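next comes the sequence, and after it the predicted model I'd like to discuss.
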Amino acid sequence: MNMGFFMQCSFKTAIAAIAFSSCLAAQAAPALPWDAEAELGILLTSGNTESESFNGRVAGFYTIEQWKYSGDIEALTVATSDADVPGSDVITSTERYAANAQIDRLLEDAHSLFIRGNYDDDRFSGFEYETGLVVGYGRQLINTDTNQLRLEIGPGYRVSEPEVGPTEDEAILATKVLFKHQFNPLASFEQSLEANIGEERNISQSTTALRAQFIERLAMKFAYNVRYNSDPATSDLGFLRRGTDRETTVSLVYSF
């Protein structure tokens with residue numbers, strides 16, 4: 001592995017995250033546009049099968065002149081008991097933490113250049129972590145009160161640390177499509193499609209969400225997320241992980 005390049009990628013990712021945090025810290029200045037939201041979902045069930053789930057996310061963006069800083073941090077855990085064994089212990093089956101940060105240089109006519117860094121720690125993916133850096137071009141194809149459509153594309157570099165075997169690093173081509181439809185001031189539909197294509201593995205993700213606002217700053221969000229890995233890793237117990245993960249979440253979103 002090219003350790004120097006990896007350190008450079010990690011450093012740039014950290015800089016992006018620090019820049020995002022610094023911009024949010026300046027939110028007290030009323031003349032500068034910013035937006036943020038916190039999302040929380042908890043589900044507890046009991047009876048024949050016990051289960052516990054938690055999903056949380058904090059996201060925001062900050063725009064100043066020709067620069068836009070954005071990022072998010074999210075966590076998801078799911079624990080269930082064995083339905084065939086009454087009284088069995090609740091065991092964690094999903095545990096994932098992720099962070100993303102992006103800096104956009106806004107150009108004329110809805111064009112932009114960006115640098116994006118990400119870190120993903122999925123405890124049940126067969127990887128200790130995956131991190132990457134992408135530099136690319138973005139375009140806001142549609143920007144109306146009802147519909148918004150954005151496209152991003154660019155080259156990048158991905159580093160993955162499997163539970164078994166050597167560290168993997170490879171160049172990738174990253175694409176991302178973001179679509180939002182506003183039914184009315186209180187209800188919206190959001191769809192994101194993301195693909196990171198590499199020589200060794202292709203990783204893609206689709207997120208579909210419906211949001212309904214019922215109090216001034218509080219909304220209910222229903223989301224369906226699908227992640228696909230063309231070459232899943234082998235776990236430390238010796239079995240192959242599945243290539244597709246599906247998640248359905250219901251959560252409350254507070255905007256501030």
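Now that the structure is in, tell me what you want to look at.

any idea which helix or strand of this protein has the worst average confidence?
Using mean pLDDT, DSSP states H and E, the weakest-scoring helix or strand in the chain turns out to be helix 3-25, at a mean of 42.

give the next helix or strand downstream of that one.
strand 34-45 (DSSP states H and E).

who does that following strand pair up with?
Here strand 34-45 has these sheet partners by DSSP bridges: strand 51-64 (antiparallel), strand 244-255 (antiparallel).

show me the shaky parts of this protein.
Along the chain, segments meeting pLDDT under 70 span 1-32, 47-49, 83-84, 86-87, 233-242.

can you pull out the strands in it?
34-45, 51-64, 67-80, 91-106, 111-122, 127-143, 147-162, 168-184, 187-198, 202-213, 218-229, 244-255 (DSSP state E).

now the last one, how far from the centre of its chain.
By that I understand strand 244-255. With CA atoms, centre = their mean, to the nearest Å as the basis, strand 244-255 stands 11 Å off its chain's centre.

by how many degrees do that strand and strand 91-106 diverge?
60 degrees (axes from the mean of the first three to the mean of the last three CA atoms, to 10 degrees).

could you tell me the angle between strand 244-255 and strand 111-122?
Calculated by the same axes, to 10 degrees, strand 244-255 forms an angle of 110 degrees with strand 111-122.

same deal with the third one?
Comparing the axes of strand 67-80 and strand 111-122 via the same axes, to 10 degrees yields an angle of 20 degrees.

residue 169 pairs with what?
residue 159.

just residue 251 next, same as before
Beta-bridge partners of residue 251, as defined by DSSP bridges: residue 221.

and what of residue 55?
residue 41, residue 76.

wait, residue 203 sits on residue 226?
No. Using CB atoms under 8 Å as the test, residue 203 is too far from residue 226 to be in contact (11.8 Å). Where C-beta positions appear, they are placed from N, C-alpha and C, glycine not excepted.

between those two, which is the more surrounded one?
residue 203 (22 against 13; other CB atoms under 10 Å).

would you mind measuring from the closest residue to that one other than its chain neighbours to residue 202?
Nearest residue to residue 203 in three dimensions, chain neighbours excluded: residue 196, at 4.8 Å (CB to CB, 6 or more residues apart in numbering). For residue 196, the distance to residue 202 (CB to CB, to the nearest Å) stands at 7 Å.

same deal with residue 245?
Counting by CB to CB, the gap from residue 245 to residue 202 is 15 Å.

more crowded one of the two?
Set residue 245 next to residue 202 and count neighbours by other CB under 10 Å: residue 245 wins out with 18 against 15.

centre of the chain to stretch 156-167, how far?
Worked out by CA atoms, centre = their mean, stretch 156-167 lies 19 Å from the chain centre.

sorry, that was for stretch 215-222
20 Å.

list the buried residues in that stretch.
If you call a residue buried by 16 or more other CB atoms under 10 Å, then stretch 215-222 has these buried ones: 219, 221.

what residues does it touch?
Stretch 215-222 has contacts (CB atoms under 8 Å, 6 or more residues apart in numbering) with 39, 209-214, 248-256.

apply 7 Å and report the result again.
Contacts to stretch 215-222, defined as CB atoms under 7 Å, 6 or more residues apart in numbering, come from residues 39, 209-214, 250-256.

got it, and stretch 53-65?
23-24, 32-43, 68-78, 249, 251.

hmm, back to that, give me the buried subset of the contacts of stretch 215-222.
Neighbour counting over the contacts of stretch 215-222 (16+ other CB under 10 Å) leaves 39, 209, 211, 213, 251, 253 as the buried ones.

ends of stretch 208-225, what's the gap?
6 Å (CA to CA, to the nearest Å).

I'd assumed residue 168 was in contact with residue 200.
Yes. In terms of CB atoms under 7 Å, residue 200 counts as a neighbour of residue 168; the distance is 6.3 Å.

please identify which of the two sits among more neighbours.
residue 168 (18 against 12).

still on that earlier bit, winner for burial among the strands paired with strand 34-45?
strand 51-64 (a mean of 18; mean count of other CB atoms under 10 Å).
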